[in-house]
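Chemist: From the sequence below, what's the structure:
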Amino acid sequence: MCDVLTMDGDPPSTTEHTPSQVSCGQYSGRTVCSTRRNTPYRKTPRSRRLGLLGSKSALLEKTPPSPRHAPSFKGLLKKTWKLYRLSPLYNFTPTSSHLRRYGTSLSVLVGERQRKSLITETKDLVRSLISPYRELSVGPDDPECIQILITGKNLKDIPTTLVRGFMFGVELEDSLVSPDNSHFKHYPVLMVKGSVSLCKALTDWLESKFDCRVSALTFSSVDLSWMVAMWSGLSKGMKKKPVELMYSVPEEVEGLKKITYSIDSEDCQRLWDIIHTSNSNEFTEEEVKAFMDCLQSHFYGCFKVHLSSMFLTRIGTSTVYVGSDGKIKFFTDSGVIPVLRHISELSVEKSKIL
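Modeler: Got it, this is the predicted structure:
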């Protein structure tokens, strides 16, 4: 079941492994245990949705919709995106005329920063384009997803998209803004890809233009535990990737920074099917705890290391990789909507706590 173990501070093994084989690096005999336990499951909701509301067919393991109706997210796949949490935008109006004016305003800001040499990754800025992106608008009460593009020429003088971003909330059950409040629009998540300086220009423009707050959307070990437990079994019919758990080691352990635990996807699928009721659209707190306890107990049996004493910092499944720093990478079209629905839900929850 345990496919690969790699530990920072040791030379990587060059031995090939079958799914049933196990390898363990050497770490000078140090014990990787701590009295801390990072599993406060009581702080999260008792259950989470696997699919969309009122639609069991939306579960990833079900038959996907016909190609005529299935959205294509080709431009989102196999790219690393950065997630941000957005507070409600004041006086944001998503009409065509307003979006064109917003694009012009953003272009002016980026142009000014170019002239001040605060942006050096590009030259000859063409324009900023802000437009609807309907594929990420799912529920009847969802705000229409907004796509933001900054295009121009890179340092090699090649026309390209320099920044691509999306403001969205996928099938929201809750919002920070009352439906009666017409002065604010709430897009819980901003997802962007581009150079650091241009992305900073975009977030600064949003904050100054719409009197909002843009902050990094990060995930705790508990958040990531829910994600890997919910999505590990939803991969039938997809290209198999190992389920990956990356843990950071407590600082008191010298010479070792992280442990990467890879599990064969078929083993995870069998475990998931045993723990979860297959026809249920809800994944419960008890199921999350049972799933993670099984994986961590197996690891302890192999290596005598308590993963529960460490911090889960990245998870990977056949559909998506997610890091505690808010970086995300999609691998399948069918995984985009369920994953971003859950991310939207988490963003709203975290905004209410603060």
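Chemist: measure Tyr84 to Lys193 for me?
Modeler: For Tyr84, the distance to Lys193 equals 12 Å [C-beta to C-beta, to the nearest Å]. Just so you know, the C-beta spots here come from the backbone N, C-alpha and C atoms, and that holds for glycine as well.
Chemist: so how many other residues sit close to Glu112?
Modeler: Each residue near Glu112 was counted by other C-beta atoms under 10 Å, and the total is 12.
Chemist: Would you verify that it is located in a strand?
Modeler: No: counting by DSSP: H, G, I helix; E, B strand; the rest coil, Glu112 is not found in a strand; it is helix.
Chemist: residues contacting it?
Modeler: Going by C-beta atoms under 8 Å, 6 or more residues apart in numbering, Glu112 touches no other residue.
Chemist: same check, this time on Glu282
Modeler: Contacts for Glu282 (C-beta under 8 Å, 6+ apart) come out as 47-50.
Chemist: now Arg213
Modeler: With C-beta under 8 Å, 6+ apart, Arg213 has these contacts: 86-87, 207.
Chemist: Let's see if you can find the most crowded of these.
Modeler: Highest neighbour count within the contacts of Arg213, by other C-beta under 10 Å: Leu86, with 26 neighbours.
Chemist: possible to save the contacts of Glu282 as CSV with neighbour count and pLDDT?
Modeler: Output for the contacts of Glu282, formatted as CSV (neighbours: other C-beta atoms under 10 Å; pLDDT from 0 to 100):
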residue, neighbour count, pLDDT
Ser47, 15, 80
Arg48, 20, 81
Arg49, 20, 80
Leu50, 22, 80
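Chemist: Closest to Lys185 out of the residues you listed?
Modeler: Arg49 (23.9 Å; C-beta to C-beta).
Chemist: where does the stretch 201-350 of the chain have low pLDDT?
Modeler: When residues are selected by pLDDT under 70, those of the stretch 201-350 of the chain lie in 236-237, 278.
Chemist: one more time with 80
Modeler: Low-confidence segments of the stretch 201-350 of the chain (pLDDT under 80): 234-240, 277-279.
Chemist: among the contacts of Arg213, which are in helices?
Modeler: Applying DSSP state H to the contacts of Arg213, the entries found in helices are Glu207.
Chemist: Strands along the stretch 51-200 of the chain, start to end?
Modeler: Shown for the stretch 51-200 of the chain, the strands assigned by DSSP state E, counting those that start in this stretch span residues 80-86, 89-90, 122-132, 146-154, 159-168, 184-185, 189-194.
Chemist: wait, which of those strands is closest to Met246?
Modeler: Met246 lies closest to strand 80-86 among the strands of the stretch 51-200 of the chain, at 14.9 Å (C-beta to C-beta).
Chemist: tell me what the closest one is packed against?
Modeler: If you count contacts as 3 or more C-beta pairs under 8 Å, 6 or more residues apart in numbering; DSSP states H and E, strand 80-86 packs onto strand 189-194, helix 196-210, strand 214-216, strand 327-330, helix 333-353.
Chemist: Which helix or strand lies directly C-terminal to the third one?
Modeler: Along the chain past strand 214-216, the next helix or strand (assigned with DSSP states H and E) turns out to be helix 221-231.
Chemist: Export that following helix to CSV, keeping only CA atoms.
Modeler: Extracted in CSV, the C-alpha atoms of helix 221-231 (Å, rounded to 0.1, in the frame of the first residue of the first chain):
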residue,chain,number,x,y,z
SER,A,221,-3.7,20.2,8.0
VAL,A,222,-7.3,19.5,8.9
ASP,A,223,-8.5,21.2,5.6
LEU,A,224,-6.1,19.0,3.6
SER,A,225,-7.1,15.9,5.5
TRP,A,226,-10.7,16.5,4.4
MET,A,227,-9.7,17.1,0.8
VAL,A,228,-7.6,13.9,0.4
ALA,A,229,-10.1,11.8,2.3
MET,A,230,-13.0,13.1,0.2
TRP,A,231,-11.3,12.9,-3.2
